[in-house]
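[1] sequence first, predicted model second:
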There are 2 protein chains.
Amino acid sequence: MSDKKCIVVLSGGPDSAVVAYWAKRQGYQIYPITFNYGQIAVKETQAAQKIAQTLDTSTKVIDLSALKDIFGGTTSLVTRDIPLTSEFSNTIIVPFRNAIFLSAAVAYAVTVDTDEIFYGAHGSDEPFYPDCRREFYEAFEKAAQLGTTRKITIKAPFSSKPKSEVIKEGIKLGVPFELTWSCYLDGITHCGKCEACVNRKKAFNATNTTDPAEYETTSQVA
Amino acid sequence: MSDKKCIVVLSGGPDSAVVAYWAKRQGYQIYPITFNYGQIAVKETQAAQKIAQTLDTSTKVIDLSALKDIFGGTTSLVTRDIPLTSEFSNTIIVPFRNAIFLSAAVAYAVTVDTDEIFYGAHGSDEPFYPDCRREFYEAFEKAAQLGTTRKITIKAPFSSKPKSEVIKEGIKLGVPFELTWSCYLDGITHCGKCEACVNRKKAFNATNTTDPAEYETTSQVA
């Protein structure tokens, strides 16, 4: 087994799954970590576990669902009281979520004795989500180095690529996309209408490959 | 009521209590936030609530105790399997804890609609705890500005002062130190022997005032 270790923030969605497969291909022994932050789409944490198993590991699922008490009033990803939209809107942003995840990932890195953390930020999210921007995670990396005694690095290998390129990379790596979960809701199948489903469908369409996700024919999304 | 709002990371210990009183005196409407991170000293979260009540508010206590699953193997603040020491040691550090707290505090700031976050880092902790250093929280502040759409500021008003000066400031501000909890353990009274109790006693001694905390006559600390 490789002694090159890394933490992977694994959401259960396709992007971080590709990152996990990519890191494993690079020879890393991967330590995935997954968060329940009170999201409606708690199915994604189950998806993360299934993906981790295909990589011969398991993900550490950390229950931070009490954060719902902070996020609840602002985002439709956590509360059904706020209508979910099919295009990007401010109510889709979960404020500073990636910083919370990355902070816990840094703590995990310290306990696992590694400096390297991978996460799935990519170019299609960057214009919309401030905590997916390269500027953000570079500043965060500096804070992590100063706030620990380690040379922590935060790596987002696909940060300059659009989501469709991430999917293409995943196809090459053999990522089991049928196990991934993108939808912001918790239906039996993907709703097909929320911003996450729409972006997933667009990305697969651009690769000319079939998205293995099943989609509902009716949806709760306006 | 003032419309100048701020978040205060309130642990239940004396330092952050002074910061809360200080911020209120500066005219802020304060929004305290307190974290259960799986610490043995869960009494500090109850202390935080009592302190908040003396400031005519309540603190939002967020249960992140699942983090114990990350921290458990490394720090005596979370697990009794690791002996607690009366002097600083690496096993007292909870890796990157302040970053996790500050990240959640930033999220809370966004939802409360303020840019200002106060926390109780001070000069006596700075040489020992990397996430109490000015360099750390300045870098974190930059990450917070880039990872949100707000001009977030992280303020540690006593970062250059020793703990004894923080206590002096608290005495002037009328902080009810009898409600604060410093001990890393969960006894009926403070153990008097752990690093936190020792530092508290030293700081009060240096001010020539009586520490209102009750201390045990026997202790579990080596």
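    Great, that's in hand.

[2] and for the closest residue to A:Ile62 other than its chain neighbours, the neighbour number?
    Excluding the flanking residues, the one nearest A:Ile62 by CB to CB, 6 or more residues apart in numbering or on different chains is B:Ala66, at 5.0 Å. From N, CA and C alone the C-beta is placed, and that goes for glycine too. Neighbours of B:Ala66 under the rule other CB atoms under 10 Å in any protein chain shown: 20.

[3] what's the average pLDDT for the strand ranked longest in chain A?
    Secondary structure of chain A per DSSP state E: the longest strand is strand A:29-36. Averaged over strand A:29-36, pLDDT sits at 98.

[4] for stretch A:11-18, same thing?
    Throughout stretch A:11-18, pLDDT has a mean value of 98.

[5] again with stretch A:85-93
    For stretch A:85-93, mean pLDDT rounds to 89.

[6] can you map out the helices along chain A?
    For chain A, helices defined by DSSP state H occupy the ranges A:14-25, A:43-54, A:68-71, A:97-112, A:134-147, A:163-173, A:195-207.

[7] can you list these in CSV and add distance to chain B?
    Listed next are the helices of chain A as CSV, based on distance: least, CB to the nearest CB, whole Å:
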stretch, distance to chain B
helix A:14-25, 18
helix A:43-54, 12
helix A:68-71, 5
helix A:97-112, 4
helix A:134-147, 4
helix A:163-173, 20
helix A:195-207, 18
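
[8] out of those helices, which is closest to B:Phe204?
    For B:Phe204, the closest of the helices of chain A is helix A:134-147, at 28.5 Å, according to CB to CB.

[9] quick one on the thing from earlier: make a markdown table from the helices of chain A and add distance to B:Thr59 and mean neighbour count to it.
    Converted to a markdown table, the helices of chain A look like this (distance: least, CB to CB, whole Å; neighbours: other CB atoms under 10 Å in any protein chain shown):
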| stretch | distance to B:Thr59 | mean neighbour count |
| --- | --- | --- |
| helix A:14-25 | 33 | 25 |
| helix A:43-54 | 28 | 21 |
| helix A:68-71 | 12 | 22 |
| helix A:97-112 | 19 | 25 |
| helix A:134-147 | 23 | 23 |
| helix A:163-173 | 40 | 20 |
| helix A:195-207 | 34 | 19 |
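
[10] quick one: which of those helices is nearest B:Ile70?
    helix A:97-112 (5.0 Å).

[11] for the closest one, name the packing helices and strands.
    Helices and strands touching helix A:97-112, by 3 or more CB pairs under 8 Å, 6 or more residues apart in numbering or on different chains; DSSP states H and E, are strand A:5-9, strand A:29-36, strand A:116-118, helix A:134-147, helix B:68-71, helix B:97-112, helix B:134-147.

[12] how about a cut-off of 6 Å?
    Judged by 3 or more CB pairs under 6 Å, 6 or more residues apart in numbering or on different chains; DSSP states H and E, helix A:97-112 is in contact with strand A:5-9, strand A:29-36, helix B:97-112.

[13] so for that helix, mean pLDDT?
    Helix A:97-112 shows a mean pLDDT of 96 in the predicted model.

[14] with stretch A:170-182 instead?
    Stretch A:170-182 shows a mean pLDDT of 98.

[15] which residues are contacting it?
    For stretch A:170-182, the external contacting residues (CB atoms under 6 Å, 6 or more residues apart in numbering or on different chains) are A:12-14, A:17-18, A:21, A:43-44, A:47, A:50-51, A:54, A:196-197, A:200, A:212.

[16] need the distance between the two termini of that stretch.
    One end of stretch A:170-182 sits 15 Å from the other (CA to CA, to the nearest Å).

[17] same question, stretch A:110-118
    Termini of stretch A:110-118 sit 14 Å apart (CA to CA).

[18] export the helices and strands packed on helix A:97-112 to JSON lines and tack on distance to A:Ser182?
    Below are these laid out as JSON lines (distance: least, CB to CB, whole Å):
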{"stretch": "strand A:5-9", "distance to A:Ser182": "16"}
{"stretch": "strand A:29-36", "distance to A:Ser182": "15"}
{"stretch": "helix B:97-112", "distance to A:Ser182": "23"}
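
[19] out of these, the one nearest A:Thr149 is which?
    Among those, the nearest to A:Thr149 by CB to CB is helix B:97-112 (13.5 Å).

[20] isn't A:Ser124 up against A:Ser164?
    No - if you go by CB atoms under 6 Å, A:Ser124 and A:Ser164 don't touch, sitting 7.8 Å apart.

[21] now do stretch A:48-63: everything it contacts.
    With CB under 6 Å, 6+ apart as the test, stretch A:48-63 has contacts from A:10, A:12, A:17, A:24, A:32-36, A:45, A:176, A:179, B:66.

[22] farthest-apart pair in those, please.
    The span of these, defined through CB to CB, is set by A:Pro176 and B:Ala66 at 27.1 Å.

[23] what sits against the nearest residue to A:Glu135 once chain neighbours are set aside?
    Distances taken as CB to CB, 6+ apart place B:Leu146 nearest to A:Glu135, at 4.8 Å, with adjacent residues excluded. Residues in contact with B:Leu146 (CB under 6 Å, 6+ apart) are A:135-136, A:139.

[24] now pLDDT too, for these, in a markdown table please.
    A markdown table is the format used below for the contacts of B:Leu146 (pLDDT from 0 to 100):
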| residue | pLDDT |
| --- | --- |
| A:Glu135 | 95 |
| A:Phe136 | 95 |
| A:Ala139 | 97 |
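
[25] ok, and for stretch A:72-79, which residues are buried?
    Within stretch A:72-79, the residues that count as buried by 16 or more other CB atoms under 10 Å in any protein chain shown are A:74-79.

[26] contacts for it?
    By CB under 6 Å, 6+ apart, stretch A:72-79 touches A:38-39, A:68, A:71, A:82, A:84, A:91, A:94, A:184, B:111.

[27] 8 Å - rerun?
    The contact list for stretch A:72-79, computed with CB atoms under 8 Å, 6 or more residues apart in numbering or on different chains, reads A:37-41, A:68, A:71, A:82-85, A:91-95, A:184, B:110-111.

[28] where's the residue located most distally from the centre of chain A relative to B:Ile93, distance?
    Relative to the centre of chain A, the most outlying C-alpha is that of A:Thr149, 26.6 Å out, by CA atoms, centre = their mean. Applying CB to CB, to the nearest Å, the value for A:Thr149 to B:Ile93 is 9 Å.
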